[in-house]
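J.: Provided below for reference: sequence and predicted model.
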Amino acid sequence: EAKRRGRGRVELFDARLRESIVQSAEVEIALRQAVRNDELELHLQPVLDIERNTFSSAEALVRWNRPGHGMVPPGDFIPIAERSSLIFEIGRWVILESCKTLKRWADEDPSRTQKIAVNIAGSHLIDGNLAADLDAALLLTGADPTRLEFELTETQLMHDVERARDVLERVRSRGVTVAIDDFGTGYSSMAYLRQLPIDTLKIDRSFVSNVTEDGFDSTVIDALLTIGHALGLSVVAEGIECAEQLAYLASKGCDRAQGYHLARPAPIADAEALMWPHGQHDPLEQLLNI
Ligand code: C2E
Ligand code: MG
Ligand code: MG
Ligand code: MG
């Protein structure tokens, strides 16, 4: 009896495994078409410069508008794309769209100085042609590279530090700045980190979420701010979901803030309306109002 049930479980597991493999193969095929059929969509999440009290940049977050499935979040398809060269295609597309947007902003109004931060897959940095893809996008669009920031996680960088440094140096020689994403959650070594050409440190939102209630997390936040500033980096706090969190980070000298409380990721036109509002605008006063 137990044996039969055990076998049943194995068969059930096999069936589920098979199903999930078939499913991700299906997703991969559909995703390949998606890039060609223009089903990818770029959303932007504005980031607040706390001292200047303006939205000084926006993070580009890709979505897949998959027919019959609605808007698919990146967590559901980027890992699948990362298993093949598809991730290079998606990366190229995101970089190109970001550059087109930057160029349009500059053409429409030269006083717009906002940057766009693009998430880069580790394999694109290490095994792909990231620097060449960047150059192609800059050449095609005429975008100002100093308005572009590339975001990478510690783990992605530590995988092959030598190669990461080479590519990042090439990218940075064009004027693009580099951010470490989700800082504090990955695997990294301070010794290596110091050797990498980095401009910005993004504190992961897991540290921000308990900041006003949890003594430990505020200690970690304080330490991460100290490390970032000691290394001469600009520090961004991710995942700000309430006025208290923003107030705490502002009081500790954090440079920039990002999160649902400030602005949700939104289609480009909606993000623009928030970054360039008409008339009087004081984002901080509004956002600190509890
Ligand atoms: P990430 O780079 O750390 O991006 C921040 C994620 O946190 C986004 O999720 C954003 O919507 C979400 N977020 C922002 N503010 C808040 C908040 O206040 N609370 C909470 N709970 N979440 C917040 P999203 O858009 O689902 O993206 C997830 C991840 O997918 C990104 O994490 C990034 O690693 C990856 N990703 C997104 N776009 C791209 C892309 O174009 N290329 C690559 N390679 N990866 C991407
Ligand atoms: Mg990011
Ligand atoms: Mg992040
Ligand atoms: Mg993340």
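T.: Yes, it's here. Ligands and ions are numbered 1, 2, ... in the order given.
J.: Give me the helices and strands touching the top helix by length along the chain, please.
T.: Longest helix of the chain, by residue count under DSSP state H: helix 2-36. Secondary-structure packing of helix 2-36 (3 or more CB pairs under 8 Å, 6 or more residues apart in numbering; DSSP states H and E): strand 54-66, helix 78-81, helix 86-108. Where you see a C-beta, it was placed from the backbone N, CA and C, and this is true even at glycine.
J.: Recalculate using a threshold of 10 Å.
T.: Here helix 2-36 touches strand 54-66, strand 70-72, helix 78-81, helix 86-108, going by 3 or more CB pairs under 10 Å, 6 or more residues apart in numbering; DSSP states H and E.
J.: Adjacent strands (with direction) for the second one?
T.: Yep, that's strand 70-72 we're talking about. Strand 70-72 pairs in its sheet with strand 54-66 (antiparallel), by DSSP bridges.
J.: State the distance from the residue most central in space within the chain to residue 181.
T.: In the chain, the centroid-proximal residue (CA atoms, centre = their mean) is residue 119; its distance is 4.2 Å. Using CB to CB, to the nearest Å, residue 119 is found at 7 Å from residue 181.
J.: which residues do those two both contact?
T.: Applying CB atoms under 10 Å, 6 or more residues apart in numbering, one finds that residue 119 and residue 181 are jointly contacted by 59, 150-153.
J.: ok, so of those residues, who is nearest ligand 2?
T.: Minimum distance to ligand 2 across the shared contacts of residue 119 and residue 181 is 4.2 Å, recorded for residue 151 (CB to the ion).
J.: which residue packs closest to the residue nearest to the centre of the chain, ignoring adjacent ones?
T.: Of all residues not flanking residue 119 in the chain, residue 151 sits nearest, at 4.9 Å (CB to CB, 6 or more residues apart in numbering).
J.: Need the phi and psi values for residue 44.
T.: Main-chain dihedrals, residue 44, degrees, to the nearest 10: phi -120, psi 140.
J.: For it, grab the count of nearby residues.
T.: Other residues near residue 44 number 27, with proximity taken as other CB atoms under 10 Å.
J.: quick one: stretch 64-78 near ligand 3?
T.: No - against ligand 3, stretch 64-78 shows no contacts by CB under 5 Å from the ion, the least distance being 11.3 Å.
J.: Quick check: residue 206 touching residue 224?
T.: No - using CB atoms under 10 Å, residue 206 is not in contact with residue 224, being 11.5 Å away.
J.: got the shared contacts of residue 119 and residue 181 as TSV, with neighbour count and pLDDT columns?
T.: Shown next, in TSV, are those (neighbours: other CB atoms under 10 Å; pLDDT from 0 to 100):
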residue	neighbour count	pLDDT
59	24	98
150	24	98
151	20	98
152	24	96
153	23	94
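J.: which ones among the residues you listed are found in strands?
T.: Of the positions in the shared contacts of residue 119 and residue 181, 59, 150-153 sit in strands, assigned by DSSP state E.
J.: from those residues, which are also near ligand 2?
T.: Answer for those near ligand 2 (CB under 5 Å from the ion): residue 151.
J.: Rebuild the ones in strands among the shared contacts of residue 119 and residue 181 as JSON lines, extending it with distance to residue 189.
T.: Shown next, in JSON lines, are these (distance: CB to CB, whole Å):
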{"residue": "59", "distance to residue 189": "26"}
{"residue": "150", "distance to residue 189": "20"}
{"residue": "151", "distance to residue 189": "19"}
{"residue": "152", "distance to residue 189": "15"}
{"residue": "153", "distance to residue 189": "14"}
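J.: Of the ones in strands among the shared contacts of residue 119 and residue 181, which is the nearest to residue 164?
T.: Set against residue 164, the nearest of those by CB to CB is residue 152 (7.7 Å).
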